[in-house]
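Participant: Mind looking at a prediction? Sequence and model below.
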Amino acid sequence: MTGGKEGFSATTATIAMPTSRIRWPEEGITRVPLRVFSDPATYEREQDAVFRGPTWSFLCLDIEIPNAGDYVTTKVGHTSVIVVRKGDDSIHALVNKCVHKGSVLCYEAQGHRKRPNFVCPYHNWVYNFDGELTSVAFEKGVHGKGGMPEDFDKANFRLTKLRVDTIRGLVFGSFSDEAPALLDYLGPVMVRHIERTLYGRVKILGRYSQVMHNNWKLYVENSRDNYHPSLLHAFFSTFKINRLSAEGGTLQDEDSRHHITFTKRFTDVGDQVYDSGIIRAQRDDFGLKDPSLIDQWMEYPDQITNAIMSIFPGFVLHQIMNSLGVRQVVPLGVDRCELIWTVLGFEEDTPEQTMIRRKQSNLVGPAGYVSMEDGTIGAFVEKGIRGDLDDNAVIEMGGKDTGPMATRATETSVRGFWKFYRELMHV
Amino acid sequence: MSSITRFPELVVSAHASACIGRMMARYASAIDNGDLERWPDFFTDDCTYRILTRTDFDAGRDFGIWYCNTRGMLLDRVSSIQSVNVFEPHVYRHVLGPTEIVSIEDGVIGCETSYMVVRTGYEGEMMIFSAGRYIDAVVVDGQRALLRERTVVTDSCRYDALVALPL
């Protein structure tokens, strides 16, 4: 909190929130009032209750700021945040807003500060990497005239600082002192999955973003809805690729806030050819003219070939065959959001493995064979619900409760999202 | 900023220049005017087509949202667009700038062309969908110029909704 907000304690309960028009149906989490996707007051309230509430949000990868003074700008909800590495190698996250007039301090995606400070471009107020205000231009005036009043004390003003923690090179931040430690927030099932997936020295292969014309929660629902993929995304079934799928399931943390869906492939791959560990797809088996698109190697001993993890509120880690990546959901307005994709590989990858990741990049992102529909399905829902905001969505696939299930024919994790959302929003 | 050292004195034959101009026009026309099946015909059998952001390109990365390195992969894209992927009907309109020849080496002509694409949806909404440049490696085969490589560098790092059709 900045100096202007003294009088409020930092607990979410005492922050004045816009009145929500949401009345949750009696059925509970098997129903979602459609107005929750379009009500501006709800959207405003989410900024404090969800994004600045007792949650952790993905900020960046630690390899993006390898050296002291390196910084990136990122977003938590619609708040701009600076993430910077200090001389002692610690990582700090600060709200990118000068306490004076509110200008951003950093106006680039990334950069490097030779001196350990940030200077506001507007009136040159200076902050150190801990967010403390260290200098105010003309504080004592010029030739004894002007300047700040006698009682102005820089110590009363600082940049809002986020808690920061990392796991396997993923940097997370939280605005709230009430959020549990990151690893406790994630829970052991999610922690194990992150450690398993990001087993090497991570490197960035590509980054792009996708603007979606829908409320951010519609995308987050989609990321943990494992009922839809084989139905909406026809690519795998049309090209006869999913005949290989065997068992799959849905995992959650103890509180059902986070989600993993996974698919294992048969270890017996029949007429496919093994060659230096790479499973070559044979032309005749598939409808693809060039099946090298789905050449893959068994990267993980657990034989899981597809896994999507969705961490509340808006972080996704994906493994689709050998395509790995992280996705960050950023709300842009009540009916618009941005999904920032970072496609990953490892320094240890062989050139042949990099080629496989490169080819499989065609599966993901806004032009992804498997995922392009996700960029538009939320807009389909927005369009459909516009005239019927008093109606509710029906979320009953796989029962009425939350919890892990040994199937993918379930919406258990969508219900898990709404369960935690309702707790945070008091709706 | 360009990644390529330019040689302003480079000249290609009138024939090659005419072939390249024709290829550029027909490439855009095939996509914009509903002739997507013809899109792979502008490439050699051994080819590379990719779309990546300017930021990634400048960082030396070599792929983004779209990567094909065989003609078969181009053909698979076309059939997936036409019969598999789900999206609202929309069309592109390409506007191309003049082509700048940047290298000639072993019969392969390196050239760059600015493009802008306006997307129009079925309900009539229009937007500037993408602007950027093609970085091409072209070979002239008889009367035709063919793309051995086309790298589409998009000025923006953002893509609106989805990129179903090629740029």
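Facilitator: Here it is on my side, so go on. Given the structure is predicted, the values throughout are model-derived calculations rather than measurements.

Participant: count of neighbours near A:Leu162?
Facilitator: 24 (other C-beta atoms under 10 Å in any protein chain shown). Any C-beta I mention is one placed from the backbone N, CA and C, and that applies to glycine too.

Participant: quick one: contacts for the one residue in the stretch 201-350 of chain A that gets nearest to chain B?
Facilitator: Minimum separation of the stretch 201-350 of chain A from chain B (C-beta to the nearest C-beta) falls at A:Asp290, amounting to 3.0 Å. By C-beta atoms under 8 Å, 6 or more residues apart in numbering or on different chains, the contact set of A:Asp290 is B:70, B:72-73, B:75-76.

Participant: could you check the distance from it over to B:Thr44?
Facilitator: 15 Å (C-beta to C-beta, to the nearest Å).

Participant: One more: A:Tyr421?
Facilitator: 53 Å.

Participant: More neighbours: those two, which one.
Facilitator: A:Tyr421 (21 against 15).

Participant: Tell me if the more buried one really is in a strand.
Facilitator: No - A:Tyr421 is assigned helix when assessed by DSSP: H, G, I helix; E, B strand; the rest coil, not a strand.

Participant: A:Met372 is in what secondary structure piece?
Facilitator: Using DSSP states H and E, A:Met372 sits in no helix or strand.

Participant: Endpoints of stretch A:308-317, how far apart?
Facilitator: End-to-end distance of stretch A:308-317: 6 Å, with C-alpha to C-alpha, to the nearest Å as the criterion.

Participant: Near chain A, which residues of chain B are found?
Facilitator: By C-beta under 8 Å from any C-beta of the partner chain, the residues of chain B that approach chain A are B:51-53, B:55-56, B:61-70, B:72-73, B:75-77, B:79-80, B:83-88, B:157-164.

Participant: Where is the longest helix in chain B?
Facilitator: helix B:14-32 (DSSP state H).

Participant: Pull out the buried residues from that helix.
Facilitator: For helix B:14-32, burial by neighbour count (16 or more other C-beta atoms under 10 Å in any protein chain shown) applies to B:16-17, B:19-20, B:23-24, B:26-28, B:30-32.

Participant: where along chain B do the helices fall?
Facilitator: B:14-32, B:54-58, B:71-83.

Participant: Any chance of JSON lines for those, columns distance to A:Glu299 and mean pLDDT?
Facilitator: Formatted as JSON lines, the helices of chain B follow (distance: least, C-beta to C-beta, whole Å; pLDDT from 0 to 100):
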{"stretch": "helix B:14-32", "distance to A:Glu299": "36", "mean pLDDT": "97"}
{"stretch": "helix B:54-58", "distance to A:Glu299": "23", "mean pLDDT": "97"}
{"stretch": "helix B:71-83", "distance to A:Glu299": "22", "mean pLDDT": "93"}
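
Participant: Export those as a markdown table, with columns for distance to A:Pro121.
Facilitator: Putting those into a markdown table (distance: least, C-beta to C-beta, whole Å) gives the following:
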| stretch | distance to A:Pro121 |
| --- | --- |
| helix B:14-32 | 41 |
| helix B:54-58 | 22 |
| helix B:71-83 | 44 |
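
Participant: These: which one's closest to A:Asp39?
Facilitator: Closest approach to A:Asp39 among the helices of chain B (C-beta to C-beta): helix B:54-58, 35.1 Å.

Participant: Report the buried residues of that closest one.
Facilitator: Under the neighbour-count rule (16+ other C-beta under 10 Å), helix B:54-58 has B:54-57 buried.

Participant: Stretch A:63-73 too?
Facilitator: For stretch A:63-73, by 16+ other C-beta under 10 Å, it's A:64-65, A:68-73.

Participant: Could you do stretch A:394-407 as well?
Facilitator: Buried positions in stretch A:394-407, judged by neighbour count with 16+ other C-beta under 10 Å: A:395, A:397-398, A:402-405.

Participant: what about that stretch, how long is it end to end?
Facilitator: So stretch A:394-407: terminal residues 19 Å apart, C-alpha to C-alpha.

Participant: Residues touching it, excluding its own?
Facilitator: Taking C-beta under 8 Å, 6+ apart as the rule, stretch A:394-407 contacts A:28-32, A:227, A:247-252, A:256, A:409-416, A:418-419.

Participant: pLDDT averaged over the one helix or strand A:Val329 maps to - what is it?
Facilitator: Under the criterion of DSSP H and E, A:Val329 resides in strand A:323-333. Per-region confidence: strand A:323-333 scores 98 on mean pLDDT.

Participant: Equivalent analysis for stretch A:154-171, please.
Facilitator: Taken as a whole, stretch A:154-171 has an average pLDDT of 98.

Participant: Could I get the full set of strands for chain B?
Facilitator: Using DSSP state E, the strands of chain B run over B:43-53, B:66-68, B:90-105, B:108-121, B:126-141, B:144-154, B:158-160.

Participant: Identify whichever of the ones you listed lies nearest to A:Pro121.
Facilitator: strand B:158-160 (24.0 Å).

Participant: In the closest one, which residues are buried?
Facilitator: So, applying 16+ other C-beta under 10 Å, buried residues of strand B:158-160: B:159-160.

Participant: strands paired with it, and their directions?
Facilitator: Strand pairing for strand B:158-160, using DSSP bridges, gives strand A:202-212 (parallel).

Participant: Also near chain B: which of the contacts of stretch A:394-407, exactly?
Facilitator: Within the contacts of stretch A:394-407, nothing lies near chain B by C-beta under 8 Å from any C-beta.

Participant: In strands only, show me those residues.
Facilitator: Judged by DSSP E, the contacts of stretch A:394-407 include A:31-32, A:247-252 as members of strands.

Participant: neighbour-wise, which of those leads?
Facilitator: A:Val32 leads those on contacts (other C-beta under 10 Å) with 25 neighbours.

Participant: Now compare the ones in strands among the contacts of stretch A:394-407 and name the two farthest from each other.
Facilitator: A:Arg31 and A:Glu247 (30.7 Å).

Participant: Which neighbouring elements make contact with the helix or strand containing A:Arg45?
Facilitator: For A:Arg45, the host element (DSSP H and E) is helix A:40-46. The contact analysis (3 or more C-beta pairs under 8 Å, 6 or more residues apart in numbering or on different chains; DSSP states H and E) places helix A:40-46 against strand A:323-333, helix A:412-425.

Participant: Just the buried positions in that helix, please.
Facilitator: Judged by neighbour count using 16+ other C-beta under 10 Å, the buried positions of helix A:40-46 are A:42-43, A:45-46.

Participant: ditto for stretch B:90-109
Facilitator: Buried residues in stretch B:90-109 (16+ other C-beta under 10 Å): B:90, B:92, B:94, B:96, B:99-102, B:104, B:109.

Participant: got the angle between the strand holding A:Val329 and strand A:202-212?
Facilitator: 40 degrees (axes from the mean of the first three to the mean of the last three C-alpha atoms, to 10 degrees).

Participant: Mind checking what helix or strand follows strand A:323-333 in sequence?
Facilitator: strand A:336-346.

Participant: Please see if that next one touches chain B.
Facilitator: Yes - using C-beta under 8 Å from any C-beta, strand A:336-346 reaches chain B at A:Glu338.

Participant: Please identify the buried residues of that strand?
Facilitator: A:336-346.

Participant: how about the nearest residue to the residue in chain B that chain A sits nearest to, chain neighbours excluded?
Facilitator: Of all residues in chain B, the one sitting closest to chain A is B:Gly72 (3.0 Å; C-beta to the nearest C-beta). Sequence neighbours aside, A:Asp290 is the residue nearest to B:Gly72 in space, at 3.0 Å (criterion: C-beta to C-beta, 6 or more residues apart in numbering or on different chains).

Participant: What lies in contact with the helix or strand following the helix holding A:Arg45?
Facilitator: Where DSSP H and E defines the elements, the next helix or strand beyond helix A:40-46 is strand A:57-61. Strand A:57-61 is contacted by residues A:51, A:72, A:74, A:76-77, A:81, A:83, A:93, A:162, A:164, A:169-174, A:202, A:204, A:311, A:313-315, A:326, A:328, A:342 when judged by C-beta under 8 Å, 6+ apart.
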